[in-house]
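S.K.: predicted model and sequence below, questions to follow.
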Amino acid sequence: MTRIPMAAVPTAHPTANRRSLRRAALISAPLLALLLGGCDTVSGWFGKTPDPPLPGQRVSVLTRERKVEVDPRLAGTPVALPPATVNAAWAQAGGTAEHAGGNLGLSATPGEAWRGDVGAGASSSRSLLATP
């Protein structure tokens with residue numbers, strides 16, 4: 001078995017170790033600050049404490065919602081619709097600027113007016129941003 005003298009074993013230079021420690025600190029400090037910045041538990045450490053809630057009684061607005069029900073006073077009222085109109089063009093999303101097409105007429109035998117490829121659609125990695 002051959003012994004290697006210690007003088008022959010290469011060692012890292014002391015300033016190289018300090019440089020690597022400094023580099024690790026420079027990389028990890030902003031990362032740690034970024035991770036802790038979103039925590040609620042450290043908000044008292046880095047920012048002011050939240051204001052106390054306003055005085056008064058809290059009333060939920062959602063508990064007062066009611067289901068849609070027929071008004072018995074309107075039970076005998078006849079329904080009156082304007083005459084049906086033909087929409088020659090669907091110029092924009094929603095039909096009109098008011099998004100109220102009115103009483104649109106329908107042919108007695110409706111059929112396909114046109115067909116076209118509108119793209120691949122949405123997926124888990126791609127979402128649709130335009131209105132249909």
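M.R.: Done, it's in. Remember, it's a predicted structure, so these values are computed and weren't measured experimentally.
S.K.: G95 touches A89, doesn't it?
M.R.: No - under the criterion of Cβ atoms under 8 Å, G95 lies out of contact with A89, with a separation of 9.3 Å. All C-beta spots, glycine's among them, are computed from the backbone N, C-alpha and C.
S.K.: more crowded one of the two?
M.R.: Ranked by neighbour count (other Cβ atoms under 10 Å), G95 and A89 place G95 first, with 15 against 6.
S.K.: pLDDT score assigned to the more buried one?
M.R.: Predicted confidence (pLDDT) for G95: 79.
S.K.: same deal with E112?
M.R.: Among the per-residue scores, E112 holds a pLDDT of 90.
S.K.: P82 now?
M.R.: Each residue has a pLDDT score; the one for P82 is 89.
S.K.: state the number of residues packed around it.
M.R.: With neighbours defined by other Cβ under 10 Å, the count for P82 comes to 7.
S.K.: doesn't it fall inside a strand?
M.R.: No - when DSSP: H, G, I helix; E, B strand; the rest coil is applied, P82 is found to be coil, with no strand at that position.
S.K.: give the contact list for it.
M.R.: Listed by Cβ atoms under 8 Å, 6 or more residues apart in numbering, the contact set of P82 reads 102-103.
S.K.: and R18, helix, strand or coil?
M.R.: Going by three-state DSSP, the secondary structure assigned to R18 is helix.
S.K.: burial of it, as a residue count?
M.R.: Residues within reach of R18, counting by other Cβ under 10 Å, total 10.
S.K.: what's the spacing between it and A24?
M.R.: As defined by Cβ to Cβ, to the nearest Å, R18 lies at a distance of 11 Å from A24.
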